[in-house]
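> Below are the sequence and a predicted model; questions follow.
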Amino acid sequence: MASKTRSQRTLSLGHTEKNAMEEALDDGVLRLSMRYRDFTLFLDLKDQYHKEFLTRLTEHTEQFGFDWGLLEQSKQERMSCAESFLGRYGMLYWGKEVNRERFLMKDSRADPASLCIYPERKKEIVRVIEMLLQKKARSFLKANMVSAMNKLFWLCDLIRWLTGRTTQILQTPSDAPAKTLSSSSLVLTNGLAGSLSSRVGDNNNQLGKRRAPDDLEASPSRLRGADARAIRPFSSIIDTAKNTTRTQDLVGLNGASRDINRAEYSGTPKTDSVIDNHSGITPADTARMPEDALKQQTKFLVSASTQPNMAPVWVPFQFFQSAASFIAHMAEECNIHEWDPSAQLTKEISKWDSSPPAPQAVVAASVKFEWSEFFIRVRQGRDDDWEFVMQELRNSWRVKGEDGSEAGNQRFHIRVMLHVVS
């Protein structure tokens, strides 16, 4: 089915009337569960222009301020978006004969009765694009929901870890005997919290190292370590003063105790953050927690193949949902404008013999990390390319978080070369 053109599908259903497109749509030839290629095949587009067409549809939707959530719910909104897209690109793909030869399949052009042409088949083309927008909106919202759930899980794990650590610091021996310590208060539940735990252990050797959950049995030495980590009565502190210098930061919550702690751990600068005041986490630990802190140190340095003698544009880092949205934003920053069909039509009125110039298109972007050997081509419509970029970038952020003292002045510069063709 996917290999057939729209006209072939219609003929197989026995429709012989002139407007075969409308009949095929009324008979449900296209469904939202079908592949994107089935939709562009119905529009008679060549395979080589399939991804370009979908990318332009996505960019048009976002550039003109249409909301994906509203598009998913409102057919009227989808029809409005589809009509504006067709007004911009209708003549380019299905208008003049020279354009049809370029963009439409040869076997479809051989059957003029069922060929997708503009503006004669405007109503049918709008219906197809409206279905495409609904399909894209559902995919977009689903991806956003997955991303939001991942962020929510990360935040819950962080809150759970901070709550467990604060409880551990404030509890007394009578409230929580060492043999009943919950492993969830000592062992962290995700990779980020785990790295924070190991960092705290490295920076505060006096407190002793944390153990894995299978090594939490209540031996005498373990009981002594647990007691040392808890707040103890003042008399107990006096009796064991010679053995408790490594736990001075946990003896009390008064200001004098905190001054002593900060003097003892000279490598930790004073800070007013809530996390430092209540959980003992160092600034090196806080550098690992949100990506926002490292995002501020990351910049795109963007150039274009059609602008060889220009310096790169410095673009602040932001997250992109797809390779197409990344490339579109970089192209906009470099002022790469595609040909406007409406302007060309105006020109055609006075010069009927001129053929339309080919629009500029960004086919791909070469992405290189200046601080490493990572180098990749991000292609239009290939979201897996962009996922590789984000995976490597997050790995670099994580490494910096784990070695924050040595990489404090590091900046993440990402070179982007846009490959523009006409």
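Thanks, I have the structure now. This one's a predicted model, so the numbers in the text were calculated from it and none came from an experiment.
> Give the buried residues for the helix or strand harbouring Ser396.
Element membership of Ser396 [criterion: DSSP states H and E] is helix 383-402. For helix 383-402, burial by neighbour count (16 or more other C-beta atoms under 10 Å) applies to Asp383, Asp385, Trp386, Val389, Leu393, Ser396, Trp397, Arg398, Lys400, Gly401. Where you see a C-beta, it was placed from the backbone N, CA and C, and this is true even at glycine.
> swap in stretch 294-301?
Within stretch 294-301, the residues scored as buried using 16+ other C-beta under 10 Å are Leu294, Lys295, Gln297, Thr298, Lys299, Phe300, Leu301.
> for it, what is the average pLDDT?
The average pLDDT within stretch 294-301 is 87.
> got it, and stretch 64-71?
Here stretch 64-71 scores 90 as its mean pLDDT.
> Stretch 136-155 too?
Averaged across stretch 136-155, pLDDT comes to 77.
> With distance to Met145 and secondary structure as added columns, please give the buried residues of stretch 294-301 in JSON lines.
Converted to JSON lines, these look like this (distance: C-beta to C-beta, whole Å; DSSP: H, G, I helix; E, B strand; the rest coil):
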{"residue": "Leu294", "distance to Met145": "25", "secondary structure": "helix"}
{"residue": "Lys295", "distance to Met145": "22", "secondary structure": "helix"}
{"residue": "Gln297", "distance to Met145": "29", "secondary structure": "coil"}
{"residue": "Thr298", "distance to Met145": "26", "secondary structure": "strand"}
{"residue": "Lys299", "distance to Met145": "30", "secondary structure": "strand"}
{"residue": "Phe300", "distance to Met145": "27", "secondary structure": "strand"}
{"residue": "Leu301", "distance to Met145": "33", "secondary structure": "strand"}
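> Any regions of the stretch 301-422 of the chain where pLDDT drops low?
Within the stretch 301-422 of the chain, the set of residues satisfying pLDDT under 70 comprises 337-359, 403-410, 422.
> do you know how far the residue nearest to Glu392 when sequence neighbours are not counted is from Gln391?
Of all residues not flanking Glu392 in the chain, Phe374 sits nearest, at 5.0 Å (C-beta to C-beta, 6 or more residues apart in numbering). For Phe374, the distance to Gln391 equals 10 Å [C-beta to C-beta, to the nearest Å].
> ditto for Arg56
Distance, Arg56 to Gln391, using C-beta to C-beta: 27 Å.
> Ala20 now?
Counting by C-beta to C-beta, the gap from Ala20 to Gln391 is 46 Å.
> can I assume Val367 sits in a helix?
No: read with DSSP: H, G, I helix; E, B strand; the rest coil, Val367 is strand and lies in no helix.
> Report the backbone C-alpha coordinates of stretch 368-386 in CSV.
Extracted in CSV, the C-alpha atoms of stretch 368-386 (Å, rounded to 0.1, in the frame of the first residue of the first chain):
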residue,chain,number,x,y,z
LYS,A,368,31.3,19.9,16.9
PHE,A,369,32.2,20.2,20.6
GLU,A,370,35.2,22.5,21.0
TRP,A,371,36.2,20.7,24.3
SER,A,372,36.2,17.2,22.9
GLU,A,373,36.5,15.2,19.7
PHE,A,374,32.7,14.8,19.3
PHE,A,375,31.7,15.7,15.7
ILE,A,376,28.3,14.8,14.1
ARG,A,377,26.0,15.8,11.2
VAL,A,378,22.5,16.6,12.3
ARG,A,379,20.2,15.9,9.3
GLN,A,380,16.8,17.3,8.6
GLY,A,381,14.1,15.1,10.1
ARG,A,382,16.6,12.8,11.8
ASP,A,383,15.8,13.3,15.5
ASP,A,384,18.2,10.5,16.5
ASP,A,385,21.1,12.7,15.3
TRP,A,386,20.0,15.4,17.7
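> Tally up the residues packed near Glu120, please.
Look at Glu120: counted by other C-beta atoms under 10 Å, it has 13 neighbours.
> what pLDDT does it get?
On pLDDT, Glu120 comes in at 92.
> Checking it next. Helix, strand or coil?
Going by three-state DSSP: Glu120 is coil.
> how about it, phi and psi?
phi -60, psi -40 (degrees, to the nearest 10).
> What separation do you get for it and Leu32?
Distance, Glu120 to Leu32, using C-beta to C-beta: 26 Å.
> sorry, back to before: could you say what helices and strands the helix holding Ser396 packs with?
Helix 383-402 is packed against helix 191-203, helix 291-295, helix 323-333, strand 361-369, strand 375-379, strand 412-421, with contacts defined by 3 or more C-beta pairs under 8 Å, 6 or more residues apart in numbering; DSSP states H and E.
> the inter-axis angle of that helix versus strand 361-369?
Angle of helix 383-402 versus strand 361-369, following axes from the mean of the first three to the mean of the last three C-alpha atoms, to 10 degrees, is 20 degrees.
> between helix 383-402 and strand 375-379, how many degrees?
Helix 383-402 and strand 375-379 are oriented at 140 degrees to each other (the same axes, to 10 degrees).
> what angle separates helix 383-402 from helix 323-333?
For helix 383-402 against helix 323-333, the angle between stretch directions is 80 degrees (the same axes, to 10 degrees).
> where does Thr40 land on pLDDT?
pLDDT for Thr40: 95.
> Would you check that it makes contact with Thr55?
No: applying C-beta atoms under 8 Å as the test, Thr40 and Thr55 come out as separate, 11.7 Å apart.
> Listing request: residues of the stretch 51-200 of the chain with sub-threshold pLDDT.
The model of the stretch 51-200 of the chain has pLDDT under 70 over residues 144, 146-149, 165-168, 170-200.
> go with 80
For the stretch 51-200 of the chain, residues meeting the criterion pLDDT under 80 lie at 143-158, 160-200.
> Break down it into its helices, ranges please.
Applying DSSP state H, counting those that start in this stretch to the stretch 51-200 of the chain gives helices spanning 68-73, 75-94, 97-103, 106-109, 122-170, 183-186, 191-203.
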